[in-house]
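Undergrad: here is a sequence with its predicted model. Questions after.
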Amino acid sequence: MANQSTETVTLGLRANWQQFSLLVLINGFVGATVGLERTILPLLAESEFGIVTKSVILSFLISFGIVKAIANLFAGQLSDKLGRKTILIIGWLFGLPVPFLLMFAPTWSWVIFANVLLGVNQGLCWSTTVIMKVDLVGPKQRGTAMGLNEASGYLAVSLAALATGYLATHYGMRPVPFYPGVAFVSLGLLMSIFFVRDTHVHVKHEAANTENHAHEAEMPFKKIFVLTSFKDRALSSASQAGMVNNLNDATVWGIMPILLASGGLPLNRIAIIAATYPGVWGLTQLATGALSDRWGRKWLIAWGMWVQASGIACFVVGSSFSVWLLGSVLLGLGTAMVYPTLLATIGDVAHPEWRGSAIGVYRLWRDGGYAVGGLMAGLLADAFGLLTAVGAIGVLTFVSGLIVAVRMYETLPSARQ
């Protein structure tokens, strides 16, 4: 593949369906690996390690978020220099020990260390599969490509969360629920080594055929960072929305199982709610990603943040399984409106030559939301209670949607015209 001439390259989903489908499958394994923790890890902290302080319980999320955010940054930058496939393989190597550490960790510090490795795995592997899909499809189908990518990842998160809840109900918290993780990381690594091809030639082809782009091709990383983080109104709006999105996801991941358990909900029903959110998120992204290619990016993102806020409100005011399940559905729908659309926005604005770096910066801010959310939710829960912590995150999510509505410009050319 590396020797293929740019003249023989064709961009598009249909022309590259085999490699694209393989990357969709691999991203499913990436999602399933992190899905192992969604239902049971916060409950494991209380039941097996005797930890009751919420900020300490959420330390696994803080470590995960910080490391994943940094790994995202390096994944984008290094994939532009060293190639996408190399970074993908390195990410899977970091993931290999994670299931075993979760199975046999003697103390909570070992769980935190497992999440450091998981953060590197998720940052490198998920970022790289995103970048490679954007490379393959070209400018016309970015939303569709991101919808398929994120759908595969979060459907896998949902199924893994449901499976671990089932296994924990029947076989206990450890080690059985983490057995599938060994298969996930092994298959992901082997497929990446033997079947994935690098997409660098597709980047060169697109760059050679790109005219009148919003930004120049040659740009130092410092300038890319400032542009993506603060200066460009679309890129920076996407970065803050991504951060708040994962900030509320951290709350759902770390606080909701404890909140629901304190409301008397049994583990099998907690697993259903924990799985419904990423399940709806994953499935509806198949539609929302493609819709963003037709309707535009800006308002899908803004409304997605507001739908998320309404879902969080259901957990604050609700006291029954049906209301909490509705909240999970709304959270999933809102996140599906936002997640692939934010990535497509970055692809719209960033030049192909530094797109990987821009995606890395965006994902630095987005997944930094896990660390900020874990810290904020834990401190608020310890000081004011679980409901106050969840409510504050909901208000912040609504405000983030307002920022997008006011500041962001439309990045899809047809919608802008």
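TA: That came through, no problem. Numbers count the residues shown, from 1 in each chain.
Undergrad: shaky segments in the stretch 201-350 of the chain?
TA: 209-217 (pLDDT under 70).
Undergrad: chain center to whichever strand or helix holds Val390: distance?
TA: Assigned by DSSP states H and E, Val390 belongs to helix 386-407. The chain centroid and the centroid of helix 386-407 are separated by 19 Å under Cα atoms, centre = their mean, to the nearest Å.
Undergrad: contact partners of it?
TA: 54, 233, 236-237, 240-241, 244-245, 247-248, 251, 255-256, 258-259, 262, 298-299, 301-306, 308-309, 312-313, 315-316, 373, 376-378, 380-381 (Cβ atoms under 8 Å, 6 or more residues apart in numbering). From N, CA and C alone the C-beta is placed, and that goes for glycine too.
Undergrad: from those residues, which ones fall inside helices?
TA: Mapping the contacts of helix 386-407 onto helices (DSSP state H) picks out 54, 233, 236-237, 240-241, 244-245, 247-248, 251, 256, 258-259, 262, 298-299, 301-306, 308-309, 312-313, 315-316, 373, 376-378, 380-381.
Undergrad: and those, which are buried?
TA: Neighbour counting with 16 or more other Cβ atoms under 10 Å marks 54, 236-237, 240-241, 244-245, 247-248, 251, 256, 258-259, 298-299, 301-306, 308-309, 312-313, 315-316, 373, 376-378, 380-381 as buried within these.
Undergrad: my guess is Pro352 meets Glu206, correct?
TA: Yes. At 4.5 Å, Pro352 counts as touching Glu206 under the criterion of Cβ atoms under 8 Å.
Undergrad: so the closest residue to Phe225 other than its chain neighbours versus Lys133, what's the distance?
TA: The shortest distance from Phe225 to any non-neighbouring residue, by Cβ to Cβ, 6 or more residues apart in numbering, is to Val361 (5.3 Å). Separation of Val361 from Lys133 (Cβ to Cβ, to the nearest Å): 18 Å.
Undergrad: next one: Gly369
TA: 22 Å.
Undergrad: same check, this time on Arg142
TA: Distance from Arg142 to Lys133, by Cβ to Cβ: 9 Å.
Undergrad: how about Phe384?
TA: From Phe384 to Lys133 the distance is 42 Å (Cβ to Cβ).
Undergrad: and the two? Which one has more around it.
TA: Neighbours of Phe384 and Lys133, each counted by other Cβ atoms under 10 Å, are more numerous for Lys133; the result is 26 against 12.
Undergrad: contacting residues for the more buried one?
TA: 20, 23-24, 145-146, 148-149.
Undergrad: so it is in which element?
TA: Element membership of Lys133, judged by DSSP H and E, is helix 108-137.
Undergrad: and that helix, what's its mean pLDDT?
TA: For helix 108-137, the mean pLDDT works out to 91.
Undergrad: give me the buried positions along that helix.
TA: 108, 111-137.
Undergrad: now it: how far from the chain's centre is it?
TA: On Cα atoms, centre = their mean, the centre of helix 108-137 falls 9 Å from the chain's centre.
Undergrad: skip ahead from it and say which helix or strand is next.
TA: Beyond helix 108-137 toward the C-terminal end (DSSP H and E), the next one is helix 142-171.
Undergrad: what angle do whatever helix or strand comes next after that next one and helix 142-171 make?
TA: Sequence order places helix 179-194 as the next helix or strand after helix 142-171, per DSSP H and E. On the basis of axes from the mean of the first three to the mean of the last three Cα atoms, to 10 degrees, helix 179-194 is oriented at 150 degrees to helix 142-171.
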